[in-house]
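Asker: Curious how this folds, go ahead:
(one chain, ligands or ions: 1)
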Amino acid sequence: MSQAVAEQIEIIPTGAALGAEIRGVDLRAPGDAAFAAIRRAWTDHKVLIFRGQVLEDDELIGFSRRFGGLDFAPIQENGRRFVDGHPEIYVVSNVVVNGEAIGSLGAGEAVWHTDMSYLEAPPKASLLHALEIPPDGGDTWFCDMDAVLKGLPAALRARLAGLRIKHDGTYNSGGFVRQGVTPTDDPRESPGTIHPLVCTHPESGRQTLYLGRRRNAWIEGMELAASEALLDELWSHVERPDYAYRHRWRVGDLVLWDNRCTMHRRDPFDAAARRVMHRTQVKGEARPTS
Ligand code: SIN
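Answerer: Residues are numbered from 1 along each chain as shown. Below is the predicted model of the structure:
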């Protein structure tokens, strides 16, 4: 079903568990009414897809700032910022120039995660703009963590009351060690931040399961084996197709997602093909709360 709103914007739900395509807007200069409609649609649908956008880095930053202040991108694997003069831009790419990767995450799978949840106030939104895409693979999947929580068996959900989870800051979703971190696979010792396992979304008021990522996660205060068993049980509910939306990229796509109530993962692709994406991340206003 399509809904016509201000400035000829159309909001077309994907038909999957989450996500909507927004048509009829140029993200270089959305008017106030159009932006207000986009803002509402983002809360309602959690993932928004805009096709056919042509955004320079400063235009991507400009649109992203309409949602709030921006976090600087994580430092790349070689210790440097990605884009001179634009510390907000995170380059996701497998392209290597003069022996040096121009971005992060390579061409392998990027496992399920939500962005930068190892921070005390993780970014509320991420915006990913496709500049070059491979002919096959590299699709990005999103899952609705409100739906995952809602779908848990009652007895399992009851066990989550009051629990808090450690979000690891050692590895990125491509499995690479973050800059300046000494790797450890003991989640009790690894750097990271503890957040409630069940959080309340500050805008929608909905409850959501805040898992972050699987590797090096730990349920605070639990024996490691018990924590691993509970986490494995919870993660077994994440990959259900009825909670997911699969995004097949085209050049010019901009996808905006809510990090507070979704996770995403990326399919691997041919390392000989080029994939170049530029991402921004909008600061969270506060720590996640239960
Ligand atoms: C990301 O995790 O932000 C990147 C996802 C992708 O490469 O599609």
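Asker: Return the set of residues that bridge with L256.
Answerer: L48, L127 (DSSP bridges).
Asker: In contact with it: list those residues for me.
Answerer: W42, V47, L48, F50, A125, S126, L127, L128 (C-beta atoms under 8 Å, 6 or more residues apart in numbering). (C-beta placed from N, C-alpha, C; glycine too.)
Asker: dump the residue contacts of the closest residue to the ligand within the stretch 1-150 of the chain.
Answerer: Residue nearest to the ligand within the stretch 1-150 of the chain (C-beta to the nearest ligand atom): T140, separated by 3.7 Å. Counting by C-beta under 8 Å, 6+ apart, T140 touches L128, R246, H247, W249, V255, H264, R265, R266, D267.
Asker: Now tabulate those residues in TSV and tack on distance to the ligand.
Answerer: Listed next are the contacts of T140 as TSV, based on distance: C-beta to the nearest ligand atom, whole Å:
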residue	distance to the ligand
L128	6
R246	11
H247	8
W249	7
V255	8
H264	6
R265	8
R266	4
D267	9
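Asker: which residues of the protein score low on pLDDT?
Answerer: Along the chain, segments meeting pLDDT under 70 span 1-7, 76-79, 173.
Asker: Around the ligand, which positions in it sit nearby?
Answerer: Residues of the chain that fall close to the ligand, judged by C-beta under 6 Å from any ligand atom: V92, L105, A110, D115, S126, L128, T140, S173, H264, R266, M277, R279.
Asker: ok, the one helix or strand the last one maps to: who's next to it in the sheet?
Answerer: Just to be clear, that refers to R279. Using DSSP states H and E, R279 sits in strand 276-282. Here strand 276-282 is paired, per DSSP bridges, with strand 70-71 (antiparallel), strand 90-93 (antiparallel), strand 125-132 (antiparallel).
Asker: and the ones you listed, which is most packed in?
Answerer: Mean neighbour count (mean count of other C-beta atoms under 10 Å) peaks for strand 90-93 among the strands paired with strand 276-282, with a mean of 24.
Asker: Run the chain-centre distance for that strand.
Answerer: In terms of C-alpha atoms, centre = their mean, to the nearest Å, the gap separating the centre of strand 90-93 from the centre of its chain is 13 Å.
Asker: Please produce a PyMOL select command covering the buried subset of the contacts of T140.
Answerer: Selection command for PyMOL covering only the buried members of the contacts of T140, criterion 16 or more other C-beta atoms under 10 Å:
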select buried, resi 128+247+249+255+264+265+266
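Asker: could the contacts of T140 go into a markdown table alongside secondary structure?
Answerer: Below are the contacts of T140 laid out as a markdown table (DSSP: H, G, I helix; E, B strand; the rest coil):
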| residue | secondary structure |
| --- | --- |
| L128 | strand |
| R246 | strand |
| H247 | strand |
| W249 | coil |
| V255 | strand |
| H264 | strand |
| R265 | strand |
| R266 | strand |
| D267 | coil |
